[in-house]
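**Q** sequence and predicted structure are below.
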Amino acid sequence: MNSRQPIPVVVLAGFLGSGKTTVLNHLLGNRGGTRIGVVVNDFGAIEIDAMSVAGQVGDSMVSLGGGCLCCAVDGSELDAYLEKLAAPAHRIDVIVIEASGLAEPQEMVRMLMASENPDIRYGGMVQVVDAAEFDETRARHPETDRHLAVADLVVLNKTDRVDSAERARIEARLAELCGPGTPVVGAEHGRIDPELLFDRRPWTETRGQLSFEDLLAQDQEPEHDHGHDCGHDGGHGRCSHAHAAYESTEFVSEQALSPRRFIDFLDRRPAGLYRIKGFVYFGVPGHEERYEVHAVGRFLRFAPQPWGRGEARLTQLVLIGSGTDGAGLLAELEACREPAPREARPESMWGVLRYVARPAADRARAEVEPAEVEPAEAEPF
Ligand SMILES: Nc1nc2c(ncn2[C@@H]2O[C@H](COP(=O)(O)OP(=O)(O)OP(=O)(O)O)[C@@H](O)[C@H]2O)c(=O)[nH]1
């Protein structure tokens, strides 16, 4: 069995100076043992300290050390660089593209969705917004509103530069401009929880030979020995970040979940629920695989995969959010349990299958807008 999963590619967009590079540097500096591939259009923009020890890998690609590779591209080269970054030898877990200057974010998303590269999959679009320049940016760049409408997650950055009344006004405006239920995460200096975008592995998982830089980073981040510092200790734990408070709710079920009820739950998920990850067992005849689920904001994907040999048929989910009602979410998930999955009709899977990435050939033909492939509502049947 080929255990290699396609690498998620997250698009980080936002207007000039909104803080994309700051967010990126924060993600790189707090990635735990996760190996990140970064695509930027200008190395100069990356300020991470590791650049000082960066080694050249060749072909405009540099190693940022400790599991990060970075390449600088223009739009036409993107596919080629994604292919290079996704090469198994690099063991990259997630790729982040800083979209500015490369292409319109929609174009980027379309390109990723049409990509024939089986080693990557589109992983959602994050739009960074400068709180202090909100009105000016919209006035100068009317396309901002279009970008916000297709974002899966919005980072309202530079919240230190506005007072609470102004922040509330911007958040209310964003709620109108963004797609229904799109989460808006406030941040100072781009400090968002990396877990909102990708899984952070424990250091030990990806550490082969310890490099000097690995040791240095571990020294600086002693809390990373469990892979993250969010106090995700099962149940409904509060995160201990000084900059933001996120809660993590975990759900495990030995019983299958009803696809219809689960899709209904996902369609109704509150905007404060920023991320869902894990896998689901539906057990519907013909669809007994392990369905990996990945949601970033409104972005939602399922990926069916075979179960490992002897692996228990379980559903295991982690839900990360802010201001979420953990007990309420668990109660809703409990209500999704299905005691008799084998009696379910195959059509009951349609709602789930709509979120499974289709083969590249189909995707290229479809020429769809992101909003159309991430419908907000389940199929009525
Ligand atoms: N006060 C304040 N400044 C910030 C914050 N985030 C970023 N900055 C500053 O804003 C400036 C622009 O940040 P960048 O991260 O370079 O923004 P960018 O979107 O990558 O910019 P371009 O690459 O030019 O599009 C830098 O001087 C940052 O230090 C924040 O939350 N608060």
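**A** Received, thanks. Numbers count the residues shown, from 1 in each chain.

**Q** for the residue in the stretch 251-381 of the chain positioned nearest to the ligand, give me the pLDDT.
**A** As assessed by CB to the nearest ligand atom, the ligand sits closest to residue 322 within the stretch 251-381 of the chain, at 17.4 Å. In this view, the C-beta of every residue, glycine as well, is placed from N, C-alpha and C. What the model reports for residue 322 is a pLDDT of 81.

**Q** go on, residue 40?
**A** 75.

**Q** any idea how far the closest residue to it other than its chain neighbours is from the ligand?
**A** Nearest residue to residue 40, sequence neighbours excluded (CB to CB, 6 or more residues apart in numbering): residue 98, at 4.6 Å. Residue 98 is 7 Å from the ligand, where distance means CB to the nearest ligand atom, to the nearest Å.

**Q** begin at 262, not 1, for the rest of this chat.
**A** With 262 as the first residue, the last one maps to residue 359.

**Q** for residue 359, grab the count of nearby residues.
**A** Counted with other CB atoms under 10 Å, residues neighbouring residue 359 total 23.

**Q** check whether the residue of the stretch 512-642 of the chain closest to the ligand really touches residue 531, as I assumed.
**A** No. Taking CB atoms under 8 Å as the definition, residue 583 is not a contact partner of residue 531, at 10.0 Å.

**Q** who's more crowded, those two?
**A** Counted by other CB under 10 Å, residue 583 and residue 531 do not tie: residue 583 has more neighbours, with 19 against 15.

**Q** so who does residue 610 touch?
**A** 520, 543, 545, 547-548 (CB atoms under 8 Å, 6 or more residues apart in numbering).

**Q** any quick ChimeraX command for the buried ones out of those?
**A** To isolate the buried ones among those in ChimeraX, judged by 16 or more other CB atoms under 10 Å, type:
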select :520,543,545,548
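
**Q** want to try TSV for the contacts of residue 610, with distance to the ligand and secondary structure as columns?
**A** Output for the contacts of residue 610, formatted as TSV (distance: CB to the nearest ligand atom, whole Å; DSSP: H, G, I helix; E, B strand; the rest coil):
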residue	distance to the ligand	secondary structure
520	40	helix
543	41	coil
545	45	strand
547	46	coil
548	42	strand
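
**Q** pick out the most distant pair among the contacts of residue 610.
**A** The span of the contacts of residue 610, defined through CB to CB, is set by 520 and 547 at 11.8 Å.
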